[in-house]
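*Asks:* The following comprises the amino acid sequence and a computationally predicted model.
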Amino acid sequence: MTNQNALNPTVPRAHAHSHPHSHEEGHGHDHAHEHPQPKAADACCGCSSTASHGAIPLAPDVSDVPIGALLFRIPTMDCAVEESEIRRALEPIAGVKALRFRLGERTMAITTNDGALPEALAAIRKAGFKPEPLNATGAQAAPATPAKIAGMSAGLARLVAALVLAIAAESVSFMGLEGRGFMVFEMALALGAIGLAGLDTYKKGFAALVRGRLNINALMAVAVTGAFIIGQWPEAAMVMALYAIAELIEARAVDRARNAIQSLLALAPEQAEVKQADGSWRTVMAGEVALGAIARIRPGGRVPLDGIVTEGTSAIDQAPVTGESIPVDKTIGDQVFAGTINQTAALEFRVTAIAANTTLARIIHAVEEAQGSRAPTQRFVDRFAAIYTPTVFVLALAIAVFTPFFMDWTWMQAIYKALVLLVIACPCALVISTPVTVVSALASAARRGILIKGGTYLEEARKLKAVALDKTGTITEGKPKLVESSLIGDSPGNEAAVFAVAAGIAGRSDHPVSKAIAEGLKSERGEVADFTALPGRGVQAAHAGQVYVLGNHRLIEERGLCTPSLEAELKRHEEAGRTVTLLASDKAVLALFAVADTIKESSQAAVAELRSLGVVPVMLTGDNTATARTIGAHAGIEDVRGNLLPEEKLDAVKAMQQRYGAAAMTGDGINDAPALAQADIGFAMGGAGTDTAMEAADVVIMNDDLRRIPETIRLSRRAHSVLWQNITLALGIKAVFFVLAVFGSATMWMAVFADMGASLLVVANGLRLMRGSK
């Protein structure tokens, strides 16, 4: 069963990596913030979107506001850059626990400690934004869909009208009509276009200049005003209209990437059919269903909540949660997940998670938090942008002031070229390309059952040179069966009594081998007390005043209880690839239990794919070396290391890092947690993983399919390629127009068209990653 904490973004990470790029970027005790970054946003976009151009924003979605969070609308927050400004404003405030943004709705959900909220809101206002409280309970209902559509249509109509006026002004200018009347008419058309498209841009631009910031609104305000002053009225109007329309399209594209994972939330039905106290069934809202309630799913229906099957047998399509393409058979005792599809027969299940805490909801929230963290390439781009825009601004000012003295340019020509450079100075395409690409990749991975906990791990996966794999539950099914059991030597007592003690001890353990022994023994389970885990060795418990251990070969050797005949028996089983567990008192070994596990169908293919990617697979297991080598040979793994304690697995990962470079660890048990924490990237097998292992991991494989590991590496390499394609494209277009502006005949409207066009191109390129992660 998946660990809820591992998917809950409000739960702190259980470890800190030792390698330099491994820390999840956080604020206080949460991943929702980044470390302080250079003020790239100050040098970049104000990114006015629909609100900036008169459209009514999307109504706030209060259905998935995190528990304990307060919801605010920030009318002037239109893009990821302004989101970054708010995040930076809140970084010094220790009481801020978590943030979640919806750019399409311009809303922010904030979770704070007691007393920190007023300080946080004051910091947001100081940054130039005005947070407006919303009712997260849904009391302020969202406007009806027709009203939303009407508002958005009105905003779009305003922008179209602005573009028509700008074209009309250009037409009048092109016809060369003379006379004061035509001049006034042309100016009026231009002013009308600027007023319709750019009023909010002027407001934001002025506010930015007052605060000493050079964002896109400030640059556009200065450029358009300058063009109007020097008599380029039609061009000023065209620049503002094109800018407004392009920003509208760009904002929608960015929202599509950022909210892609949200489409999964709609998979869980809003209503559930719940059994009442009198045995009747009633349909209620899923959010009102209590833990422990019995719910029913009809064939063809979607599962409304997480639960455990209590009656019926059916096949469930789990693709939305685990990415599995083949339906999974479910019967009494099996888990079902919200959003999955019941296919063949009716099922009844006991609800194990409320609607806000289902596995599906927690996956979505975890991906949202991962989307908020900054990837290494994004940090680089932000640092570059922080230098780029002021540099170009100073260069434009120098061209306007000095070139008439040193080149054969008139003052009007010099000023015009400087204004073109101001338009070019916005690195919107550069800055926006990185988060869109990362967000698209994270969403694509989640749809495939791969939960990546941040952009850092997405980028680092491409560097992996070796992957350590645990055996039980990772390479093998993790569901071993008891294949042989026998008394050892002159064991005191009869077989039934000895096996009852073993069954009692094994029944208290969660380890797959212990479970197999408990299930395989037909005898009644003896009462045991003082149960204690012996990590890497076995377990210990007391029965009828006598202390017993149930453990591996290593434990028996350490207790000095091995005999030549026992060693021979152990060798026979180990050569057959079986795992041997021994029951012993403080004086002698009493019984032997041989358990066999089978290799997963996906393991051989996964190992082959890793090799094809140039990644070395290594098996690390606490099981005996002979068994490990047998399993390793079947899986195609040459480097096999057995009999490892948890600390020895950690040392093995360190050795792999020294030998190969970046190394990952993949596991599902408590023994794997230290190695997962040491690895450059830790992969937890989510379907069968323990709480500790999943909390320590950086990537959770929801369906236990090892092929998701090479798939993650391929996705990382694709994302890296797209990132640098976008950076090259954005900078290349800037360079071309820079040369044209200074030495050629580039116009302002051409510059803004190219700048916004570049933004749309890099966004579209980044969105390609959402088509699939293979």
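*Replies:* Alright, I've got the coordinates.

*Asks:* Check which helix or strand V483 maps to.
*Replies:* Per DSSP states H and E, V483 falls inside strand 481-487.

*Asks:* And the helices in the stretch 651-774 of the chain?
*Replies:* Along the stretch 651-774 of the chain, the segments classed as helices by DSSP state H, counting those that start in this stretch run 673-678, 691-696, 708-743, 748-767.

*Asks:* what's the closest of these to A414?
*Replies:* helix 708-743 (10.4 Å; Cβ to Cβ). Any C-beta I mention is one placed from the backbone N, CA and C, and that applies to glycine too.

*Asks:* Count residues in the vicinity of L209, would you?
*Replies:* Around L209 there are 16 other residues, counting by other Cβ atoms under 10 Å.

*Asks:* ok, the closest residue to it other than its chain neighbours - contacts?
*Replies:* Using Cβ to Cβ, 6 or more residues apart in numbering and skipping the chain neighbours, the partner closest in space to L209 is A218 (5.0 Å). Residues near A218 by Cβ atoms under 8 Å, 6 or more residues apart in numbering: G46, K204, G205, F206, A208, L209.

*Asks:* How about the secondary structure of A218?
*Replies:* State at A218, reduced to three classes by DSSP: H, G, I helix; E, B strand; the rest coil: helix.

*Asks:* How about the one 4 residues further on?
*Replies:* At V222 the chain is in helix, as set by three-state DSSP.

*Asks:* residues touching R350, list them.
*Replies:* Shown in contact with R350 (Cβ under 8 Å, 6+ apart): G292, A293, I294, G307, I308, T310.

*Asks:* could you flag which of those residues are buried?
*Replies:* Applying 16 or more other Cβ atoms under 10 Å to the contacts of R350, the neighbour count classes A293, I294, G307 as buried.

*Asks:* right, and I432 touches L761 too?
*Replies:* No. Using Cβ atoms under 8 Å, I432 is not in contact with L761; the gap is 10.9 Å.

*Asks:* out of these two, which sits in the busier spot?
*Replies:* I432 (30 against 17).

*Asks:* Extract the CA atoms of the helix or strand harbouring the more buried one and return them as PDB.
*Replies:* For I432, the host element (DSSP H and E) is helix 428-447. The C-alpha atoms that make up helix 428-447 are tabulated as PDB, following Å, rounded to 0.1, in the frame of the first residue of the first chain:
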ATOM      1  CA  CYS A 428      10.200  36.300 -21.600                       C
ATOM      2  CA  ALA A 429      10.800  33.400 -24.100                       C
ATOM      3  CA  LEU A 430      14.000  32.500 -22.300                       C
ATOM      4  CA  VAL A 431      12.500  32.500 -18.700                       C
ATOM      5  CA  ILE A 432       9.200  30.900 -19.500                       C
ATOM      6  CA  SER A 433      10.600  28.000 -21.500                       C
ATOM      7  CA  THR A 434      12.200  26.200 -18.500                       C
ATOM      8  CA  PRO A 435       9.200  25.900 -16.100                       C
ATOM      9  CA  VAL A 436       6.900  24.900 -19.000                       C
ATOM     10  CA  THR A 437       9.200  22.200 -20.000                       C
ATOM     11  CA  VAL A 438       9.800  20.900 -16.500                       C
ATOM     12  CA  VAL A 439       6.100  21.000 -15.600                       C
ATOM     13  CA  SER A 440       5.100  19.200 -18.800                       C
ATOM     14  CA  ALA A 441       7.600  16.500 -18.100                       C
ATOM     15  CA  LEU A 442       6.500  16.000 -14.500                       C
ATOM     16  CA  ALA A 443       2.800  15.800 -15.600                       C
ATOM     17  CA  SER A 444       3.700  13.300 -18.300                       C
ATOM     18  CA  ALA A 445       5.600  11.100 -15.800                       C
ATOM     19  CA  ALA A 446       2.700  11.200 -13.300                       C
ATOM     20  CA  ARG A 447       0.300  10.000 -15.900                       C
END
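
*Asks:* Among the contacts of R350, which one sits closest to T358?
*Replies:* The shortest approach to T358 among the contacts of R350 belongs to G307, at 9.4 Å (Cβ to Cβ).

*Asks:* Just give the nearest non-adjacent residue to the closest one, would you?
*Replies:* F349 (3.6 Å).

*Asks:* Let's verify the one you found: helix, strand, or coil?
*Replies:* Classification of F349 by three-state DSSP places it in strand.

*Asks:* ok, now which ones touch it?
*Replies:* Counting by Cβ under 8 Å, 6+ apart, F349 has contacts I294, A295, R296, I297, V303, G307, I308, V309, T310, V336.

*Asks:* Inside helices: which ones of those?
*Replies:* Among those, DSSP state H puts none in helices.

*Asks:* of the residues you listed, closest to L397?
*Replies:* Of those, the one sitting nearest to L397 (Cβ to Cβ) turns out to be V303, at 62.3 Å.

*Asks:* Which stretches in the stretch 201-350 of the chain count as helices?
*Replies:* Counting by DSSP H, counting those that start in this stretch, the helices of the stretch 201-350 of the chain are 216-229, 233-258, 319-322.

*Asks:* What about the residue nearest to R125 when sequence neighbours are not counted, how many residues nearby?
*Replies:* Distance criterion Cβ to Cβ, 6+ apart; nearest residue to R125, sequence neighbours excluded, is P131 at 7.3 Å. Counted with other Cβ under 10 Å, residues neighbouring P131 total 20.

*Asks:* Please state the backbone phi and psi of P131?
*Replies:* Here is the backbone geometry of P131 (degrees, to the nearest 10): phi -70, psi 130.
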